[in-house]
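Colleague: Sequence and predicted structure below; questions after.
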Amino acid sequence: MAIIYGGPPPPLEESSAPRTTGYVTFESTGSVGADDRVIAGLRPKLRSCYQKGLANDPSMEGSASFRLEVSATGSAQVSTKSSTGLSKEVEACMLKRLASVAFDPGPAHTVEVKVVAK
């Protein structure tokens, strides 16, 4: 089951000023039980990583896919499956945020999270 969080950005006014805001959407697969609540709570943290990246590169857009191996205790080992267009700093920030999340205890499972930042 895929859960999609976020939505299209609000309309932007035409401007010659550098872009300083963006939006992040993401979807997850493989979630179990209350994982959806935990994953939804990540959205502002991942958006914050992207916003910081836009300060250095206002034209940055891209995507990244992460794999979270969730143990029976709820801790997760995170790895990057792929990343395109995002800076190494943004990717590292997202990895750090994902690694800090705690899932509810339950059966070990894998959650995949795809982030799209524009």
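Modeller: Cool, got the structure.
Colleague: quick one: contacts of stretch 57-68?
Modeller: 18-20, 22, 50, 53-54, 76-87, 90-91, 94-95, 98, 101, 110-118 (C-beta atoms under 8 Å, 6 or more residues apart in numbering). Placement of C-beta: from N, CA and C, glycine included.
Colleague: Of those, keep whichever come out buried.
Modeller: With neighbours counted using 16 or more other C-beta atoms under 10 Å, these contain these buried positions: 22, 50, 53-54, 76, 78, 83, 86-87, 90-91, 94-95, 98, 101, 111, 113-117.
Colleague: In helices, which of these appear?
Modeller: Among these, the residues falling in helices (DSSP state H) are 50, 53, 54, 90, 91, 94, 95, 98.
Colleague: any chance of these in TSV, with distance to residue 68 too?
Modeller: Formatted as TSV, those follow (distance: C-beta to C-beta, whole Å):
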residue	distance to residue 68
50	19
53	21
54	25
90	18
91	15
94	12
95	10
98	6
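Colleague: Show me which pair in these is furthest apart.
Modeller: 54 and 98 (19.6 Å; C-beta to C-beta).
Colleague: tell me what whatever helix or strand residue 27 lives in is packed against?
Modeller: Under the criterion of DSSP states H and E, residue 27 resides in strand 24-29. Applying 3 or more C-beta pairs under 8 Å, 6 or more residues apart in numbering; DSSP states H and E, we find strand 24-29 packed against strand 2-5, helix 35-40, helix 43-56, strand 109-117.
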